[in-house]
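>>> sequence first, then the predicted structure, then my questions.
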Amino acid sequence: MARESRVNGSQHFDRIKEIVLNRVERNRTVTLAQLKRILCLHFGRTYFRRRKYVDLLTHVIEYLLYTRKVIVVNPDGLNAETVYGAVSYTTAVFNIITKEMLSMFEQNFRSNPSNLLAQNICTMYDPFKMSLSRQIVQERQDHHYFCTKIEGSGVPISSQKNSGRCWIFACLNVIRVSFMKTYGIKQFEFSQAYVFFWDKIERSNHFLNTIVLVTKNGLTLSSRIVTSLLKNPIEDGGYWTMAVNIIKKYGLMPKSHFPECYSSEDSRELNDILNSKLREFAIVLHDMVIRGASNKQIKDEIEKDMIIVYRIVGICLDIPKPTFNWYYRSSKNQQCSYQKITPLQFYESVVRPTYDLENKVSLVSDPRANNRFGQLYTLDLIGNVIEGSKVVYNNQPIEVLLEACKNSISKLNEPVWYSCEVNQKFSSELGIEDLKIHDLESMFGTDTSVTMTKSERMLYHDSSPTHAMVLTGFHSENDEITRWRVENSWGPNMHIRGHIMMTTEWFKEYVFEVVVDKKLLPKHVMDVFDQEMIKLPVWDQLGTILFVK
């Protein structure tokens, strides 16, 4: 049934899109009034009052405008409300809170003793902890046992502290597993602060270049794109591809050679300083473009800005040394070393032979009707290294992601970087991610999220990827995987010694992206990477930065 709905949704999306394009003149220009007439003529005035169709209409129009296949003009200077008929409070009010209504609400509340008991509990304690299902907790007590797991992973358990660097930690935690096995090392961490340092530098430069680009393309400060960019010029969160871009350009170094510091573990003040300066720089660059400054003048201005950015980041995070010496003791107890090696040499000659980033690809599962499976997507204007790779998503059914994760762990003995919405149906204290972990129905007389599909949660901004972690094992019963072993980066004292148990049902609802080796994927999945990428706007739900602390 869900499959049928998806197909129908895609067909409706295409139908609306084609009708608009077929009726618009060759120059693709249309007024708001003309657009309204086109839609009403073909679909009737009541068609888009239905919930699922109004969503489709919104996405079609947004797609056509964003891809510039249609340009909406308003020659009469009228705003949208004027063209469609002004909305006033006297004609558009559907419900007003009255005293009688409030009295009814309270009477309804107090007539049920369960509400009063729940009130006494939740005014004293955490509602989620008090809603934990004792039955599910007891059933899951032995569920931190896994029949298949990667030995040697998560040593030591890392901690991102009060920062949003989960994507960096998860990436480095994946890379270190095969690295440690190859060199016979029992405990090791790559420097997360090193990757963080260069991301701050590169992302600041990317932001300034992007401001120039959108201004040259005629976007105003009030446009949705520019507003989205200026809201957070720089932040901690990121994506797998961003980590790869930094590593391929700057390499890696052991944590002992560039350790954590105050501003890497708690980056709020650093980000506040950088965000204010970047917005200040954006004002100057915007005005230069408007005045017609040359590209050389703009480049010189950005270079001056970046001197200040480098100074701020260097003061707060320290500056990495150009070379270092690395000593380790092999599994045969032999003392080994690399002398005066650069971080890039360290990655290319020491790390890359054990884990090659070039062989890893990203799969997402986005079930929204207008984002089809078997399509290649990218996030427009989002990145860090200007000359680096774009964030690329190969959209596949969730079953493809599950199979790829299983094969990575069981066949390659390789952990999997993945992104999810971590705080949904989650007991951090018990280390359990399970759709049934909270019995909100008994506490509140209603439940949350489970009444919506994954697609609906994304469309209505109830769900998006927020955190990156690492899959290091799974447990199967009767040839079916029932749960997964997760390594987090919140320190060894969180969850169960830093690990989480995630059910497969939770995976299906709240996991969005996985990164696996190319060799694990069938040809029809790999062929998608040869397609022309469809751009998703900066505000898309898949564009949510992974930032949870």
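Structure received.
>>> after the one helix or strand Ser408 maps to comes which helix or strand?
In this structure, Ser408 sits in helix 398-410 according to DSSP states H and E. Using DSSP H and E, the helix or strand that follows helix 398-410 towards the C-terminus is strand 416-420.
>>> that following strand packs against which elements?
Contact here means 3 or more C-beta pairs under 8 Å, 6 or more residues apart in numbering; DSSP states H and E; on that basis strand 416-420 packs against helix 166-183, helix 398-410, strand 467-477, strand 511-517. Where you see a C-beta, it was placed from the backbone N, CA and C, and this is true even at glycine.
>>> and Trp326, which of these is closest to it?
helix 166-183 (10.0 Å; C-beta to C-beta).
>>> tell me the mean pLDDT over that closest one?
Helix 166-183 comes out with an average pLDDT of 97.
>>> roughly how far apart are the residue at the greatest distance from the centre of the chain and Val416?
Distance from the centre of the chain peaks at Glu100, with 44.8 Å (C-alpha atoms, centre = their mean). Distance of Glu100 to Val416, computed by C-beta to C-beta, to the nearest Å: 56 Å.
>>> and for Thr342?
30 Å.
>>> so those two - more neighbours on which side?
Val416 (26 against 15; other C-beta atoms under 10 Å).
>>> contacts only, for the more buried one.
Val174, Ala404, Cys405, Ser408, Ile409, Val470, Leu471, Val514, Val515, Val516 (C-beta atoms under 8 Å, 6 or more residues apart in numbering).
>>> list only buried entries from those.
Val174, Ala404, Cys405, Ser408, Ile409, Val470, Leu471, Val514, Val515, Val516 (16 or more other C-beta atoms under 10 Å).
>>> pretty sure the last one is touching Ala404, no?
Yes. Using C-beta atoms under 8 Å, Val516 is in contact with Ala404, at 4.5 Å.
>>> find the residues that touch each one of these two.
With C-beta under 8 Å, 6+ apart, Val516 and Ala404 have common neighbours Leu363, Val416.
>>> what's the burial count for Leu116?
With other C-beta under 10 Å as criterion, Leu116 counts 12.
>>> per-residue confidence for it?
In this model, Leu116 carries a pLDDT of 96.
>>> can you count the residues close to the residue nearest to it when sequence neighbours are not counted?
Nearest residue to Leu116, sequence neighbours excluded (C-beta to C-beta, 6 or more residues apart in numbering): Arg110, at 6.9 Å. Arg110 has 11 neighbouring residues, counting by other C-beta under 10 Å.
>>> hang on, Arg110 packs against Leu117?
No. In this structure, Arg110 is not within contact of Leu117 by C-beta under 8 Å, at 12.0 Å.
>>> if we can go back for a sec, nearest to Tyr328, of the contacts of Val416?
Using C-beta to C-beta, the contacts of Val416 come closest to Tyr328 at Val174, 19.8 Å.
>>> so where is the protein shaky, pLDDT-wise?
1-13, 23-34, 36, 44-92, 449-450, 547-549 (pLDDT under 70).
>>> ok, back up a step: make CSV out of the helices and strands packed on strand 416-420 and add distance to Ser276.
Putting the helices and strands packed on strand 416-420 into CSV (distance: least, C-beta to C-beta, whole Å) gives the following:
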stretch, distance to Ser276
helix 166-183, 24
helix 398-410, 40
strand 467-477, 27
strand 511-517, 32
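>>> of all those, which one is nearest Tyr194?
helix 166-183 (9.5 Å).
>>> for the closest one, packing partners?
helix 192-216, helix 240-250, strand 416-420, strand 467-477.
>>> give me the next element, helix or strand, following the first one.
Read it as helix 192-216. helix 224-231.
>>> domain ranges for the protein, per the record?
The record's domain parsing of the chain by automatic domain parsing lists 2-84, 148-185+359-543, 192-317.
>>> spatially nearest residue to Trp326, not counting backbone neighbours?
Closest to Trp326 by C-beta to C-beta, 6+ apart is Tyr338, at 4.6 Å.
>>> between the host helix or strand of that neighbour and helix 166-183, how big is the angle?
Following DSSP H and E, one finds Tyr338 within strand 335-341. Here the directions of strand 335-341 and helix 166-183 differ by 130 degrees (axes from the mean of the first three to the mean of the last three C-alpha atoms, to 10 degrees).
>>> contacts for strand 335-341 next, please.
So strand 335-341 is contacted by Tyr183, Thr323, Phe324, Asn325, Trp326, Tyr327, Tyr328, Arg329, Ser330, Phe346, Ser349, Val350 (C-beta under 8 Å, 6+ apart).
>>> Val525 against Val400, yeah?
Yes. Val525 is within contact range of Val400, at 6.3 Å (criterion: C-beta under 8 Å).
>>> any residues in contact with both of these two?
Common neighbours of Val525 and Val400 are listed as Leu363 (criterion: C-beta under 8 Å, 6+ apart).
>>> rewinding a little: can I get the domains of the chain in TSV including distance to Arg140?
Conversion of those to TSV gives the following (distance: least, C-beta to C-beta, whole Å):
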stretch	distance to Arg140
domain 2-84	27
domain 148-185+359-543	6
domain 192-317	29
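>>> for Glu106, find the nearest of those domains.
Short answer: domain 148-185+359-543, nearest of those by C-beta to C-beta, at 15.3 Å.
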